[in-house]
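# Sequence first, predicted coordinates after that:
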Amino acid sequence: MSNSKVNAIPESVPLHRSTVQELHSWRTRDISAIFNETRSQFSNTLNQLAETDLKDASSLSSLAQVYKDFQNLESQQKVLQGNITDAKTRYRTQSDELPPVTWENWDAYREGRLQAPKLSNVFADVEREKKGNARAMPNDSLSRLFKALPHILADPQCILPDERTDDDLQIEGGRIELTCPITCMPFKKPMISRKCGHVFDFDGIEQHLAGQPTKDCPQSGCGQKVAMKDLIRDEVMELRCKVAATKSTSAKAEEALHTV
Amino acid sequence: MSSLCLQRLQEERKKWRKDHPFGFFAKPTKKQDGSMNLQKWEAGIPGKEGTLWKDGVYPVTIEYPDDYPSKPPKVKFPAGFYHPNIYPSGTVCLSILNEDQDWRPAITLKQIALGIQDLLDSPNPDSPAQEPAWRAFSKNKKEYERNVIEQAKEYTK
């Protein structure tokens, strides 16, 4: 080090008290609103497609990929934001451990005996460290719906590829029933049990539980218990019902056309 | 009657009319004023082909409690019906009709009807409900068979 060229001024110096404020003000622009807006547009598209009686839904499989790309973009943005915050904190800590620049230690900083951190290096370090644990995007409900959409548009009562491994779903002749097993009416607000995957209408299961914390799953042969807290909205079933309703309306309209 | 009970029974009726197993019948009874009593049905369970029971269609009444489908319906044959798992009163002893055993709200009329038809020719010797049929079934098969065939004649199709 001493043999190499010695700088006329230090390569870096610790963060000065007066610039701390400025460091704090550097942050990435919050664009979560844009992501949320885009997501709600995806959701609208999905709903519009469910309300359209498409004869050929095969081309829609690419929509799932488009949504996945969008999710990746959002996740990258989040990682970037996190890295910037981490880098700022780390830079500040490292900087604070060093004595402020004075005439007495100027040479030490200039010659590299004292080395202050560089923000760009710290950021590069953080990025390198975080690269390994980049999280895979979880399958959120929209991504599941986009994957299911082409199948459900072809047949609202079909068994989806990812449901085939579950052998105890409510399947009659290889079809998913669109009626609640308790009320026997078409689903209005389908709720799925996270424990066993059985689906019931909100009203039906609520009246069945009748204020009791837990009961046997109403599906015959199911050994699980069910409680209100185990039940979540079944958006796939909602999609099935919506598509089935669209198809039946359009079938009726077609029939009416023929009678005329 | 809860709204759930009424709603479900209306749907059960629709479902049954749309599709029910061959040889069976089931319909709500009439109240005195002539209106329909959805909580009490009359049904006929045919004996299975190839069994001792084949010649009969056996009448049952099905009574739905106010908290159906949380609680199971009560199914009754005529009093004195000859079967090891049927009480002298005619009440059927079957696990899917027992709230503490296998009854679940998802069980439909069709499943109940088919379950009872199964029970006719496959009695459960471990849950006797009446003396004569149970004793004959476990000790004297000849007598049991004769009685079952005799009974079928009372309820010919």
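Received it, and whenever you're ready, just let me know what you need.
# Pull the number of nearby residues for the closest residue to chain B within the stretch 1-150 of chain A.
Among all residues of the stretch 1-150 of chain A, residue A:148 sits closest to chain B, at 23.7 Å; criterion: CB to the nearest CB. Quick note: C-beta positions are derived from backbone N, CA and C, even for glycine. Residues within reach of residue A:148, counting by other CB atoms under 10 Å in any protein chain shown, total 21.
# repeat for residue A:231
21.
# How about the one 5 residues further on?
By the criterion of other CB under 10 Å, residue A:236 has 22 neighbours.
# what sits against it?
By CB atoms under 8 Å, 6 or more residues apart in numbering or on different chains, residue A:236 lies in contact with A:144-145, A:148, A:152, A:160.
# ok but it is inside a helix, no?
Yes: checked against DSSP: H, G, I helix; E, B strand; the rest coil, residue A:236 lies within a helix.
# which ones are touching the residue most central in space within chain A?
Most central in chain A under CA atoms, centre = their mean is residue A:140, positioned 4.4 Å from the mean C-alpha point. Applying CB under 8 Å, 6+ apart to residue A:140 gives the contacts residue A:71.
# try it again with 7 Å
Applying CB atoms under 7 Å, 6 or more residues apart in numbering or on different chains, we find residue A:140 in contact with no residue.
# rewinding a little: ramachandran coordinates for the residue of the stretch 1-150 of chain A closest to chain B?
In terms of degrees, to the nearest 10, the main-chain angles of residue A:148 are phi -80, psi -30.
# Run a quick check on it versus residue A:159, I expect a contact.
No: applying CB atoms under 7 Å, one finds residue A:148 not in contact with residue A:159, separated by 10.8 Å.
# among the contacts of residue A:236, which ones are buried?
Neighbour-count burial (16 or more other CB atoms under 10 Å in any protein chain shown) applied to these gives A:144-145, A:148, A:152.
# Which parts of the stretch 101-250 of chain A are strands?
Secondary structure of the stretch 101-250 of chain A by DSSP state E, counting those that start in this stretch: the strands cover A:171-172, A:175-176, A:190-193, A:199-201, A:215-216, A:225-226, A:231-233.
# which residues are contacting the longest one?
In this structure, residues lying in contact with strand A:190-193 by CB under 7 Å, 6+ apart are A:199-202, A:205, A:217, A:224, A:226, A:230-234, A:237-238.
# what sits up against the helix or strand harbouring residue B:134?
In the assignment (DSSP states H and E), residue B:134 maps to helix B:131-139. Under the contact criterion CB under 7 Å, 6+ apart, helix B:131-139 has outside partners B:82-84, B:123, B:125, B:128, B:143-144, B:147.
# Out of the residues you listed, flag the one nearest to chain A.
Each of these was scored against chain A by CB to the nearest CB, and residue B:123 proved nearest at 21.5 Å.
# In contact with the closest residue to that closest one other than its chain neighbours, which residues?
Using CB to CB, 6 or more residues apart in numbering or on different chains and skipping residues adjacent in sequence, the residue nearest residue B:123 is residue B:84, 4.2 Å away. By CB under 7 Å, 6+ apart, the contact list for residue B:84 reads B:123, B:125, B:128-130, B:133-134, B:137.
# Quick check: residue B:84 vs residue B:112, distance?
Distance, residue B:84 to residue B:112, using CB to CB, to the nearest Å: 19 Å.
# ok, how many other residues are close to the nearest residue to residue A:214 once chain neighbours are set aside?
Leaving aside its sequence neighbours, residue A:214 sits nearest to residue A:227 (CB to CB, 6+ apart; 4.2 Å). Residues lying near residue A:227 (other CB under 10 Å) number 14.
# quick one, phi psi at residue A:227?
According to degrees, to the nearest 10, residue A:227 has phi -130, psi 160.
# my guess is it meets residue A:212, correct?
No: here residue A:227 lies out of contact with residue A:212, judged by CB under 7 Å, at a distance of 8.7 Å.
# where does residue B:62 fall, helix, sheet strand or coil?
Under three-state DSSP, residue B:62 falls in the strand class.
# The residue lying closest to it once chain neighbours are set aside: how many residues sit nearby?
Of all residues not flanking residue B:62 in the chain, residue B:41 sits nearest, at 4.3 Å (CB to CB, 6+ apart). Using other CB under 10 Å, the number of residues around residue B:41 comes to 23.
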